[in-house]
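Student: Pasting the sequence and the predicted model now:
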Amino acid sequence: MLTSLVLGASLAACTQFPALDHTVTAEAEAAEYPTLVPIAQLLASAQVDSTDPVQTTAAIDARLAALRARAERLRGSVLTGREKQRLAQGLR
């Protein structure tokens with residue numbers, strides 16, 4: 001049984017993966033390697049906050065108000081009084 005397992009694993013290791021062949025374009029192969037920069041420089045640029053909290057809060061509040069107004073409109077009846085009466089008559 002162990003021999004079968006080792007043989008199966010060996011065969012799987014030799015398998016070709018055609019879906020992965022030739023996935024890198026010629027432009028990507030010809031491209032330059034990225035420039036390496038010190039980690040401190042990357043961390044400093046990642047910690048810079050470019051969002052305005054006042055503007056973000058205002059945008060979220062406006063979106064919230066619009067969603068609440070839409071929800072209120074959807075809470076109303078879909079049927080008119082005449083349609084309700086007709087439906088009630090049809091159920092008798």
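Tutor: Sure thing, it's come through. This one's a predicted model, so the numbers in the text were calculated from it and none came from an experiment.

Student: contacts, neighbours, all on C-alpha from now
Tutor: Fine.

Student: so after the longest helix seen in the chain, what's the next helix or strand?
Tutor: Longest helix of the chain, by residue count under DSSP state H: helix 53-75. Downstream of helix 53-75, the next assigned helix or strand under DSSP states H and E is helix 81-91.

Student: Just the mean pLDDT for that next one, thanks.
Tutor: In this model, helix 81-91 has a mean pLDDT of 84.

Student: How far off centre is that helix?
Tutor: Distance of helix 81-91 from its chain centroid, counting by C-alpha atoms, centre = their mean, to the nearest Å, is 45 Å.

Student: Please apply the same query to stretch 1-15.
Tutor: For stretch 1-15, the separation from the chain centroid amounts to 39 Å (computed by C-alpha atoms, centre = their mean).

Student: CA atoms only for it, dumped as PDB, please.
Tutor: What follows is stretch 1-15, C-alpha atoms only, in PDB (Å, rounded to 0.1, in the frame of the first residue of the first chain):
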ATOM      1  CA  MET A   1       0.000   0.000   0.000                       C
ATOM      2  CA  LEU A   2       2.900   2.400   0.800                       C
ATOM      3  CA  THR A   3       4.400   1.600  -2.600                       C
ATOM      4  CA  SER A   4       1.200   2.500  -4.300                       C
ATOM      5  CA  LEU A   5       1.100   5.800  -2.500                       C
ATOM      6  CA  VAL A   6       4.700   6.700  -3.300                       C
ATOM      7  CA  LEU A   7       4.100   5.700  -7.000                       C
ATOM      8  CA  GLY A   8       1.000   7.800  -7.200                       C
ATOM      9  CA  ALA A   9       2.700  10.800  -5.700                       C
ATOM     10  CA  SER A  10       5.700  10.400  -8.000                       C
ATOM     11  CA  LEU A  11       3.400  10.300 -11.100                       C
ATOM     12  CA  ALA A  12       1.500  13.400  -9.900                       C
ATOM     13  CA  ALA A  13       4.800  15.200  -9.500                       C
ATOM     14  CA  CYS A  14       5.600  14.600 -13.200                       C
ATOM     15  CA  THR A  15       2.200  15.900 -14.500                       C
END
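
Student: follow-up on the earlier one: report all helices and strands that the longest helix of the chain contacts.
Tutor: In terms of contacts (3 or more C-alpha pairs under 8 Å, 6 or more residues apart in numbering; DSSP states H and E), helix 53-75 is not packed against any helix or strand.
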